[in-house]
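Asker: coords please:
(chains A, B, C and D)
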Number of protein chains: 4
Amino acid sequence: MNTPQRGFASDNNAGVHPLVLNALKSVNDGHEIAYGDDQVTQRVIRKMKKIFGDESEIFFVFIGTAANVLGLSSVTQSYNAIITTDTAHIHVDECGAPEKFTGCKLLTTPTPDGKLTVELIRQHMHGFGFEHHAQPAVISITQATELGTVYTVDEIRTIAGYAHENGLLLHMDGARISNAAVALGTGFYEMTGGAGVDVLSFGGTKNGLMYGEAVVFFNRELCRNFKYRRKQGMQLASKMRYIAAQFEAFLENDLWKENAAHANRMARKLHEAVRNLPSVEITRPVEANAVFAKIPAAIIPRLQEKFFFYVWDESTSEVRWMCSFDTQEKDIEEFRELLISLG
Amino acid sequence: MNTPQRGFASDNNAGVHPLVLNALKSVNDGHEIAYGDDQVTQRVIRKMKKIFGDESEIFFVFIGTAANVLGLSSVTQSYNAIITTDTAHIHVDECGAPEKFTGCKLLTTPTPDGKLTVELIRQHMHGFGFEHHAQPAVISITQATELGTVYTVDEIRTIAGYAHENGLLLHMDGARISNAAVALGTGFYEMTGGAGVDVLSFGGTKNGLMYGEAVVFFNRELCRNFKYRRKQGMQLASKMRYIAAQFEAFLENDLWKENAAHANRMARKLHEAVRNLPSVEITRPVEANAVFAKIPAAIIPRLQEKFFFYVWDESTSEVRWMCSFDTQEKDIEEFRELLISLG
Amino acid sequence: MNTPQRGFASDNNAGVHPLVLNALKSVNDGHEIAYGDDQVTQRVIRKMKKIFGDESEIFFVFIGTAANVLGLSSVTQSYNAIITTDTAHIHVDECGAPEKFTGCKLLTTPTPDGKLTVELIRQHMHGFGFEHHAQPAVISITQATELGTVYTVDEIRTIAGYAHENGLLLHMDGARISNAAVALGTGFYEMTGGAGVDVLSFGGTKNGLMYGEAVVFFNRELCRNFKYRRKQGMQLASKMRYIAAQFEAFLENDLWKENAAHANRMARKLHEAVRNLPSVEITRPVEANAVFAKIPAAIIPRLQEKFFFYVWDESTSEVRWMCSFDTQEKDIEEFRELLISLG
Amino acid sequence: MNTPQRGFASDNNAGVHPLVLNALKSVNDGHEIAYGDDQVTQRVIRKMKKIFGDESEIFFVFIGTAANVLGLSSVTQSYNAIITTDTAHIHVDECGAPEKFTGCKLLTTPTPDGKLTVELIRQHMHGFGFEHHAQPAVISITQATELGTVYTVDEIRTIAGYAHENGLLLHMDGARISNAAVALGTGFYEMTGGAGVDVLSFGGTKNGLMYGEAVVFFNRELCRNFKYRRKQGMQLASKMRYIAAQFEAFLENDLWKENAAHANRMARKLHEAVRNLPSVEITRPVEANAVFAKIPAAIIPRLQEKFFFYVWDESTSEVRWMCSFDTQEKDIEEFRELLISLG
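Answerer: Residues are numbered from 1 along each chain as shown, chains lettered A, B, ... in the order given. Below you'll find the model as predicted:
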C-alpha cells in the first residue's frame, strides 16, 4: 500500500518528536544497570513524583494496553469485575487482554458520549457478597475518551466519590491524557490523583513518544508487589533508561502540552473546515484531538487513498479523524479540498 | 549508587549501538500505519525471511521474555508441559510468566553445562495419554546457554530429531543467538530452522539494540493465530517501524556479527587475563561472551564498586562476568589489575 | 434459619429422586478402576451415545458451571469471544469462571425473553481478522433459558446455521434441557445435535440428580484433548461410577421426562393459581418450570418465610418461582392462599 | 476389561462405606437452600470446627485436586512459587491445574522418601525481592506422602516453623490424612493446625466417601474471599448437603479412624505376606496404607489380571499396592499365593 505522508488514522501513526529522539541519544553513553535501577530512570521517576505527589508510585511499561491491564491486575483478584463503557479501549481494543491476564469480567454499558456516569455505573452495582456474581471492584474511565470527549474534573471527582463510597477504586486510561489536560486547562494531577483517581495509565506514545507508558498509583498500598506483576506481565524493559529519557523530554518545558495543544487545535480547525460541507455530518462534540463524522460510504475509499483514517462504524458510515502533534494546516486544507471534490 | 562507566553485569547494561540509533532517526519521517502494517516493518520482515526461509513467519515483540512466552503459547495448550533445564531463563528469570500466560508446567532438569541432552530430556518423557500428567509438548533450549556454553549444530539437530520423533516441538531461546552464531562460525539459519528448531526467540537487545526481539516460526501452521496472541499478550507495538528499523540496522553489513564477535573476543581476553590469578577459579567453558568464576567472597563487593557484575551462586561465591559489544580492552586490563590488587 | 419443607427457590433446592439414590447403592459393590475407566461409566456412556449419535463424545463433570466452562474452553483459544445474552448463566452466575478459565471475552446483549436471535447476535459480528478485537468463535444459548422460555427447534436450527455459515460454533447450556424437551415434546437429540448444536452442557442436577452433569460434543474433532482439560479443570471424578449410575437411572424408563413433565406441569398450575390475583403480575411466558411475577415488595419477606424463593430484580420487585420434580399441588394451594392472605 | 472384584490399584477404586451411603439417604427429605446455606452443611461445619479450632474456616469442594489448587490459590498471587517434592500430587498428578489456576511456579526437589525437609526446602529459598524470580510463598507437603510415608508431628512443626520464620505458609495435601493420623496415633488437629499448618486439603474420598473433600484454613485472614474462588474455581456444589452428610458420617463414631486403621493394618499384613518372597523387594517403609515393591517385570501383567495395581516406575519395575477400607485378608492371601505361583 502506498501510505500517504500524513493522514488522520491515529495519533500513533505519527512519528517521534525530534526532542524525544534527541533524548534517546543523550542517555546512550556507557553502561547502566538494567531493569530500572539505573540513574536515568530513578531521576525521571523523581521528577514525575513531583507532578503526581509524594504518595505516588510510578512504573514504566511498553504500551498502553499493558499499562491498563497491569494497573487493573494490581487492584483486582480474578473473581472481580471492572465496570466500564462499551466503547472503552480495554473492552474493544485489547483483544481480551484484561480478561486473560486479570481473570476479571468486564461489565460494560452503552453511553451517549463515551463517558460513564454514576447512573450508568449503578446498573452494575449489585450482587455484592453473592458468590455467583463477579464482584465489582474497579470503575475504569478513559480520559480523553475513545469518542473524543473529555470528562470535567468535577465529573471525575463525582465518579471517584461514588466509587470510594462503595468500596471500589477508580482507574483512568490516560492514553490521551495530555489532550484532555490541554482541553480542560489543568495539569495532570488535578484531574487524576487530585480528583480521586487511584490508578492511572499515563500515556506518551500517542503524543510524540516512540514507545513507553507509565502506570501511576496514587496510594502505595495498591502497588506493593507491582514489580513482580510487571515482570510476569512481560513489561519489564531491560534498557529502561530509554523509556525514562523519553518521558524526561516529554515533561521538560511542557513538550507534552505543546504537542497536545497543537493536536487539539488541529482537530478544532479540521472541525471548522469540514463541518459545513454537505457531505459531512459531525457526530460527536470535538473536545480533544478527534473529529467524528458521518460521510457518504462511497467516498470513503477514495478519501482514504490520500489520507488514511479508520471507519468507526460500518453500519452508519461514521468515520474518525485523529489529529496529532505533527498534523499540519495544509493537511487539513488539502483534506477539505479533496472532500469537496469528492462531495 | 554511583554506577561505573562500564561493567561486566550484563550485555543489556550496555547502551545502543550508534548505527541502531541512527536507524531510529532514519524512519522518523511522516506517518506510517500503526501496529506493523507499515512499510518499514514489511520491508524488514521480507529481509529477515531471506535469512530464515520462505516458510518462516516473523513477529516483532518488545522483550525476550515475551518472545519466549508468546512463542511457547502458540504451540501449546494449557495442559502441556515444557521440558527445559533448571538454569533456563524461562524457568529462573521470568517470574513465572510462562506458567501464568501459557498455563503449562515446566519440567526441569539439572545439567552440568546448561545444555539439554536426549538422555536428560528422556526422564520427563512419560505419562503420555495419561490425563493426570501434564503432556510434554515442547523442548526448550537456550543458545548460547545461560552458562555461557554453546550447542553445536549437531547437538541441536539431535535434540530436534528426538523431539519430532516423539511428537514434540523444539523451541530455542536465542537471546544471545548472535554470540552463538559467531562461536560456531555459522549463520542464523543453520543452527535454527536448518537444524530442526520450530520456534525461535531471536534476540537483539543484548547485542546492541534499544528494545525489540523477534519470534520466528519455521512452519506457518504453528503461528496461524499468533497476531491475536501477540496483541492479547500486550506485545503489539503501535509504532512498530522503530523496532523494525533496529533489526534492519542489526542485519545490515553484519552488524550483529561484528558486535557479537567483539563481545566473544572480549570474553576470551578476559578469560585469558584472569584465569591464572590466584584468586580466580574459572568454573565454566568460555564459549560465548560470558566468563564464570569462583572468587573469594570477601573481595566481591570491592570489585563491584568499580565494575558491576552479578553473583551467580551465593553459596559457592561463583560470579558471572558478561562482555558486550562495547567492552573495551582497557576495561579488562583495569579489572585484572583491580583483581590482583584485591587478590 | 428455619427453612420451609419445600419452596420455589430453585430446582436445585430439591433433593434427589429415590430411583437415583437407589442407583448409587446398586453400583457400590467391589472395586472399579477410578477416573472413568470403570465398567459402569463405560456402559452408561454407550447408552448415552445411542441418544446423542455415534459421532458424539460424552464426558461427565461435577456441575453445570464446569460443563459450560470446560465445553467452551475446548472450542476456543484465549483470544476468542463468546456471544451470549446478558441474562446468561455463564455471564451472571458463574463468578467470572468462563473468563478466568478460558481467557475469552463474553460479548452480551439484552434480550426481551432470554433468547438470542440472529439479529441480536449480528451486532457483535465484526472485527474479524482485526487483532485488537477478541475474535467471536462461539454463540452460547441456554435451553430452557434463564427466563423460563424455550427455544423452538427451528430457532435453534436458525442460530446454528448462522453460526456455522460464519465459522462459529453453537454451545448450549442445557442445565434445564429436560424441561425444554418436555415443553417442545421432542427428544434430546432433535434440539441439540440434530438442530446443529456443537457442544452441549447436559444437565441432571436440577432435575433430580445429586450431582453430575455431562459435556456432549457432537463432533469428535472438538474434544480430542478434552480429557486433559477436564483433569486440569479439576472436574475429573475419581469414583466416576457414581455419576454414571445417576445418569443411568435418569435415562432409564424416561425418569428425566417424568420429572421434568411434573415440574413443568406444576409451573403451569402455579401460573394458573396466581395469575389473576390482584397482587400478582406475571412478567414472562411460562414455557418450562419457572414463573416470573411482580408482586408488592412489602409482602416478599413474609411470603419467603414459608416458601423460599429469589427476588429476580430488586428494582422492579420481580420474583422467580421455580417448580421441581417434587413440587406438590398442595404447595401451590398453600402458596396461593398465603398470597391471598398477604394480598 | 474384566476388572477383578478388589485390587490394590488405589484407595479410590474402592466403593463407598455403607454408613456414608446411608447418610446420603438420611438428608434427602424436602428442600434445602442450595450452595451451602443449608442446615446440614451448617451443622457439619460446626462439628468440624470443633475438631479444627474456633479460628478455622472450612469449605467443601468436590475433589482433592480442587482442594489443593483452591487452597493454594487463596494464599498466593500469580507471581509466587510453591515449594514441594518432585513426587507431590500437585506436581505429577494434577495435569498442571495448580499452574493453570494459580499462575504460580512449582519449585520441586527430589527426596529419598517423599518428605520435604528444611534442608531440601532451603535450596529454593533465594531470589526474594528480585522481580525476575517467582517469589516463594508456600511450602506444600503431603500427609501421608505419595510414597506411603508419614511425617511425624515434630517434622511438620519444624517445617512450619521454618516457613513462618521466612514469611511463607505451610500447605498440607491431606488426601490420606486419616491414614497418617492412625499411623501417628494422633487426632487431625495435632498434626495440622496444631503443628503449624496454615491450609489443609482434608480428604475423604480415599477413605470411604463417594465424593467431597474440604479445604480447612487455620486463620480466617487467609480465606476471606474464598467463597468467590470456590465458585470461580467451579467447585461450588449446589446440593451441598450431600457432601456435608458424608463428612458427618465420616466423623461420627470415628468411622474415619476405623476405615483408615483397617487400611493401614491391611498394608502391614500385605507387607508381612510378601516381603520375604523371592520375587519381591520392598522399596519403601510401610507407614500408612501403601506397599511399594520391585517385582519382575514379566509377572506384572499376569498379576494385574487378577489384582489390578499401578506400576510406579517402569524403568525399575517398581509397583504400588494400596490397601483400602474394604481390603480383606483373603485378598492378601490370594495375592500372595498368586505371587508365589508366578514367582
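
Asker: ok, now which ones touch residue A:279?
Answerer: A:295, A:296, A:299, A:339, A:342, A:343 (C-beta atoms under 8 Å, 6 or more residues apart in numbering or on different chains). Every C-beta, even on glycine, is put in place using the N, C-alpha and C of the backbone.

Asker: again with residue A:286
Answerer: A:148, A:267, A:268, A:271.

Asker: now, the most widely separated pair of these?
Answerer: Using C-beta to C-beta, those reach their maximum pairwise distance at A:148 and A:268, which is 11.2 Å.

Asker: averaged pLDDT, the top helix by length along chain A. What do you get?
Answerer: The longest helix of chain A (DSSP state H) is helix A:255-274. Mean pLDDT, helix A:255-274: 98.

Asker: counting by contacts, list what it packs against.
Answerer: Applying 3 or more C-beta pairs under 8 Å, 6 or more residues apart in numbering or on different chains; DSSP states H and E, one finds that helix A:255-274 makes contact with helix A:177-184, strand A:290-294, strand A:318-322, helix A:329-342.

Asker: include mean neighbour count, mean pLDDT and distance to chain B when you put these into JSON lines, please.
Answerer: Below are the helices and strands packed on helix A:255-274 laid out as JSON lines (neighbours: other C-beta atoms under 10 Å in any protein chain shown; pLDDT from 0 to 100; distance: least, C-beta to the nearest C-beta, whole Å):
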{"stretch": "helix A:177-184", "mean neighbour count": "26", "mean pLDDT": "98", "distance to chain B": "16"}
{"stretch": "strand A:290-294", "mean neighbour count": "23", "mean pLDDT": "98", "distance to chain B": "15"}
{"stretch": "strand A:318-322", "mean neighbour count": "23", "mean pLDDT": "97", "distance to chain B": "11"}
{"stretch": "helix A:329-342", "mean neighbour count": "15", "mean pLDDT": "96", "distance to chain B": "10"}
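
Asker: columns distance to residue B:195 on top of the ones you listed, output as TSV?
Answerer: Below are the helices and strands packed on helix A:255-274 laid out as TSV (distance: least, C-beta to C-beta, whole Å):
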stretch	distance to residue B:195
helix A:177-184	49
strand A:290-294	50
strand A:318-322	46
helix A:329-342	51
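
Asker: more neighbours: residue A:148 and residue A:268, which one.
Answerer: More crowded of residue A:148 and residue A:268, by other C-beta atoms under 10 Å in any protein chain shown: residue A:148, with 26 against 15.

Asker: isn't that one up against residue A:282?
Answerer: No: between residue A:148 and residue A:282 there is no contact under C-beta atoms under 8 Å: 10.5 Å.

Asker: joint contacts of these two?
Answerer: Common neighbours of residue A:148 and residue A:282 (C-beta under 8 Å, 6+ apart) are A:291, A:292.

Asker: related to what we said a few turns ago, any chance of the contacts of residue A:279 in TSV, plus distance to chain C?
Answerer: As requested, these are arranged in TSV below (distance: C-beta to the nearest C-beta, whole Å):
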residue	distance to chain C
A:295	19
A:296	20
A:299	21
A:339	26
A:342	25
A:343	28
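
Asker: wait, which of those is closest to residue A:108?
Answerer: Nearest member of the contacts of residue A:279 to residue A:108, counting by C-beta to C-beta, is residue A:295, at 27.6 Å.

Asker: which parts of the stretch 51-200 of chain A are strands?
Answerer: For the stretch 51-200 of chain A, the strands defined by DSSP state E, counting those that start in this stretch cover A:57-61, A:80-85, A:105-109, A:135-142, A:169-174, A:199-202.

Asker: quick one: the residue lying closest to residue A:217 once chain neighbours are set aside from residue A:318, how far?
Answerer: Closest residue in space to residue A:217, ignoring its immediate chain neighbours: residue A:223 at 4.1 Å, by C-beta to C-beta, 6 or more residues apart in numbering or on different chains. In this view, residue A:223 and residue A:318 are 39 Å apart by C-beta to C-beta, to the nearest Å.

Asker: for residue A:63, same thing?
Answerer: 26 Å.

Asker: how about the contacts of residue A:286 in JSON lines, adding distance to residue D:240?
Answerer: Shown next, in JSON lines, are the contacts of residue A:286 (distance: C-beta to C-beta, whole Å):
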{"residue": "A:148", "distance to residue D:240": "51"}
{"residue": "A:267", "distance to residue D:240": "58"}
{"residue": "A:268", "distance to residue D:240": "62"}
{"residue": "A:271", "distance to residue D:240": "61"}
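
Asker: spatially central residue for chain A, please.
Answerer: residue A:175 (1.5 Å; C-alpha atoms, centre = their mean).

Asker: how about it, what does it touch?
Answerer: Residue A:175 neighbours (C-beta under 8 Å, 6+ apart): A:64, A:89, A:142, A:201, A:203, A:205, A:206, A:213.

Asker: what are the phi and psi angles of it?
Answerer: As for residue A:175, its main-chain torsions (degrees, to the nearest 10) stand at phi -60, psi -30.

Asker: burial of the nearest residue to it once chain neighbours are set aside, as a residue count?
Answerer: Among residues not flanking residue A:175 along the chain, residue A:203 sits closest, at 4.0 Å (C-beta to C-beta, 6+ apart). A total of 26 residues lie near residue A:203 under the criterion other C-beta under 10 Å.

Asker: in contact with residue A:203, which residues?
Answerer: When the contact criterion is C-beta under 8 Å, 6+ apart, the partners of residue A:203 are A:64, A:67, A:174, A:175, A:176, A:177, A:178, A:213.

Asker: walk me through the domains of chain A.
Answerer: A:18-254, A:255-342 (automatic domain parsing).

Asker: so which bits of chain A are right by chain C?
Answerer: A:78-81, A:91-96, A:99-100, A:103-106, A:126-127, A:131-135, A:314 (C-beta under 8 Å from any C-beta of the partner chain).
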